[in-house]
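Colleague: sharing a sequence plus its predicted fold:
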Amino acid sequence: NAGVMQNPRHLVRRRGQEARLRCSPMKGHSHVYWYRQLPEEGLKFMVYLQKENIIDESGMPKERFSAEFPKEGPSILRIQQVVRGDSAAYFCASSPPEGTEAFFGQGTRLTVV
Amino acid sequence: DQQVKQNSPSLSVQEGRISILNCDYTNSMFDYFLWYKKYPAEGPTFLISISSIKDKNEDGRFTVFLNKSAKHLSLHIVPSQPGDSAVYFCAASPYSGGGADGLTFGKGTHLIIQP
């Protein structure tokens, strides 16, 4: 059973471009969470999704950021018009419906130049 | 305003001895607490959790203690092993149902186990 898969592992974007980060949850997991870690900081919650639904987006910046978890395929975190401050490690986690602990992926390191 | 604080950025412990990592929180609504371990360039790995209705939870070499009145929890690792060297994150949630919704993380403590 493969773990949570995130790709790409590293992503470099110029200011103003779009960044798309993908997350495939573990098999049987229908809950996906996105977290961001800035340098020297802890992880910060962004959004919690179930298939085709956003359950909690209280941590998402109001502009430029969006997330989806379609019926088929991976969850996508999309950042439009990236700025230098978006440079961070973005982690995805997944959990099964019955609410046991979540498993994290290895993260995508976004660098905005 | 940091709601979950890990005041020791790093901790060095001799192999075989006990490692004690501390965490303080300010939000009374937190109901569920977790510890994660993280190696460089990897995602956090769940270690152990505790619900606010308990004051202790044990799993092998790992024990978590919760003092609700002091808003303090600690992770004890005994005996410490070289593979325990990693960054440890304390996390808290207002939801008791597991998962990873709305977790608030501390900044982490880098544990170094000396041979």
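Modeller: Nice, thanks for sending it over.
Colleague: number of nearby residues for A:Q6?
Modeller: Applying other C-beta atoms under 10 Å in any protein chain shown, we find 22 residues neighbouring A:Q6. In short, each C-beta sits where N, CA and C put it, glycine included.
Colleague: from what I can see it touches A:F104, true?
Modeller: No - with contact defined as C-beta atoms under 8 Å, A:Q6 does not reach A:F104; the gap is 9.0 Å.
Colleague: what do the two both touch?
Modeller: Shared contacts of A:Q6 and A:F104 (C-beta atoms under 8 Å, 6 or more residues apart in numbering or on different chains): A:91-92, B:43.
Colleague: now, which of those lie within strands?
Modeller: By the criterion of DSSP state E, membership of the shared contacts of A:Q6 and A:F104 in strands covers A:91-92.
Colleague: narrow the shared contacts of A:Q6 and A:F104 to those that are buried.
Modeller: The neighbour count (16 or more other C-beta atoms under 10 Å in any protein chain shown) marks A:91-92, B:43 as buried among the shared contacts of A:Q6 and A:F104.
Colleague: got the shared contacts of A:Q6 and A:F104 as a markdown table, with pLDDT columns?
Modeller: Below are the shared contacts of A:Q6 and A:F104 laid out as a markdown table (pLDDT from 0 to 100):
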| residue | pLDDT |
| --- | --- |
| A:F91 | 97 |
| A:C92 | 97 |
| B:G43 | 93 |
